[in-house]
Structures are given as structure tokens and as C-alpha cells.
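S.K.: show me how the following folds:
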Amino acid sequence: MPESRAVSEKPYPPGLPALFEVVRRLRAPDGCPWDREQTHATLRPYLLEETYELLEAIDSDDDGRLREELGDVLLQVAMHAAIAAEDERFDAAMVSETAAAKMVSRHPHVFGDVEVADAEEVLRNWEHNKSLEAAAKGFGDESVLDRVPATLPALAWAMNLQKRAARVGFDYGDAEAAAASVAEEVRELAVAAEGDELFREMGDLLFALVSVARKRKVNPEDALRAAGQRFKRRFQALEAAAQEQGLPLRELDRAALEALWADSS
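M.R.: Residues are numbered from 1 along each chain as shown. This next block holds a predicted model:
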């Protein structure tokens, strides 16, 4: 009986180049038909999906899962870089060098002789440097808010709009002032007419709540997600309790449901 063939060496180099070599091979003429068909546009949903999976991995506090999801996001970077390289526009090395040069230029307090007092001053300098870069590229009349991607989820978009405005001095003085604006928006919402006015006041209230979260250094997106997770766990406990007692949820009145809810805490 012939001896079994030895396991071949890995078809990629060690370290960071590994993934980029695998992508190059997948996109080669004799590579994978599916990978060869992908474009920047077709990969958009996968980048978004992998980003959300990475966020879940961060929340899980699981190093193995975090490492895997970081790799999946890096795969998206490698694919986009490979597609651009095939069109002779730019390659992965240029992507890395461009990002490195940007970080150096925006951190003169690390790579130069600029001194900063705290993280807030770092952010102000960052915004100033980005404005200079925009002017150099011919976008001198660009609003600081134009740099916030409108494709962000609404809470994250609102948070970033406020942060950008705050970096140029447009902000509440403190968390108490922001909280006062929430109280005002609640009063306006309570008396708002149905339709467009109610819709607008609800948005203003949510936007004001984001201001309080930002001033208290809480990420509203994360806080809402955590609240949703707590609600989910507690409601599932309520469902389990009802099932154990043979109580169909749809047939229970409000008092019975509230009693089960209190017991599920």
C-alpha cells in the first residue's frame, strides 16, 4: 500500500502578507469564479455585514472571535485593494502608506514638535489639520459636517455631526445644559400636533438625547443596543415563566403581563 502524501506547506507566506497573497490567488485567472466576479460595488454589503459582526465580537469579549472578525474585515480591505491593483489604480502598499502618512500629518504632537494639553486639544488640532488638507485639495468651502458619512446608522450619524460641530466650538457648555434641552424637547413633543410636527419633535428629542450621551461620554448606539439586549433577555424570561405556568401571552391582560414582567427582573 503506497505511503500517504505528506501534508503540503501552506500556500501563503507567514504574517500580514498571508491574506493578501490568498486574495491575489483567488482573483487570478485560474482562481475562484465567484471572487473574480466581485467589484467594489458588489462587496459593499459584505463590508457592512462584517463590520457589524466585528462590533458583536468586541461586545462578546472573546479574543478568538475578535481575531476572526478582524480578519474578515481585513479580507474586505484586501479584496478592494486587489480590485484596484488589477485596474492599475493603486495597490495594498499604497493604501497602507497613504493611511500612515495621514496619521503622521495629523499627529504632529507625536511625530513633530507640537505640544498638546489633553485629548480634547488633539481632536481640535485633528479637525484643523483636516480642514487644511481639504483646502489643499480644492475643497476649502467644504463644511466640517460634510465629512460625516450620511450612510451611518441614525444615532451614530447624529453623534458624529455633534462631535464635528463641537470641535469648532459649537456645543453645550456641560451635560446639565444638554439635559435641559432634553426636558424642553419632551415638553414640545407632548403638545405636538399629529403628522409632520410630531415627527419633527420626536427627531429633535432623540437628537437632544444624543447630546446628553455625548457630553457624558456614552456612545448612544452602544447604550441603546445594550438596552435592547436587556429587554430581550427579560422578555424571554417572561415568556418562559408564562409557558411554565401554562399562560398564553396573547390571552393575558395588562395586569398579568406586568406581574410577569416584574418577576422577570
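S.K.: which other residues reach stretch 162-175?
M.R.: Here stretch 162-175 makes contact (CB atoms under 8 Å, 6 or more residues apart in numbering) with 123-124, 126-127, 144-145, 147-148, 178, 181, 210-212, 214-216. From N, CA and C alone the C-beta is placed, and that goes for glycine too.
S.K.: any idea which of these is closest to Pro45?
M.R.: If you rank the contacts of stretch 162-175 by distance to Pro45 using CB to CB, Val148 comes first, at 21.5 Å.
S.K.: which non-adjacent residue is nearest Ala92?
M.R.: Distances taken as CB to CB, 6 or more residues apart in numbering place Ala81 nearest to Ala92, at 3.9 Å, with adjacent residues excluded.
S.K.: other SSEs contacting the helix or strand where Ala255 lies?
M.R.: Take DSSP states H and E as the rule and Ala255 turns out to sit in helix 254-263. Packed against helix 254-263 by the contact rule (3 or more CB pairs under 8 Å, 6 or more residues apart in numbering; DSSP states H and E) you find helix 220-244.
S.K.: buried set for the helix it packs on?
M.R.: Pro220, Glu221, Leu238, Ala242 (16 or more other CB atoms under 10 Å).
S.K.: list the contacts for the first one?
M.R.: For Pro220, the contacting residues are Leu155, Ala158, Met159, Leu209, Val210, Ala213, Arg214, taking CB under 8 Å, 6+ apart as the criterion.
S.K.: Ala213 now?
M.R.: So Ala213 contacts Met159, Asn219, Pro220, Ala223 (CB under 8 Å, 6+ apart).
S.K.: now those as CSV including distance to Ala119?
M.R.: Converted to CSV, the contacts of Ala213 look like this (distance: CB to CB, whole Å):
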residue, distance to Ala119
Met159, 17
Asn219, 16
Pro220, 20
Ala223, 21
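S.K.: ok so, going back, can you pick the most crowded of the contacts of Pro220?
M.R.: Comparing those by number of neighbours (other CB atoms under 10 Å), Val210 comes first, having 26 neighbours.
S.K.: backbone dihedrals for that residue, please?
M.R.: Taking degrees, to the nearest 10, you get phi -60, psi -40 for the backbone angles of Val210.
S.K.: find me the pLDDT at it, would you?
M.R.: We have a pLDDT of 95 for Val210.
S.K.: Phe199 too?
M.R.: Per-residue confidence (pLDDT) for Phe199: 96.
S.K.: mind checking the SS state of it?
M.R.: Following DSSP: H, G, I helix; E, B strand; the rest coil, Phe199 is assigned to helix.
S.K.: distance of it relative to Phe207?
M.R.: Applying CB to CB, to the nearest Å, the value for Phe199 to Phe207 is 13 Å.
S.K.: neighbour count: those two, which is higher?
M.R.: The neighbour comparison of Phe199 against Phe207 (other CB under 10 Å) goes to Phe207, with 18 against 11.
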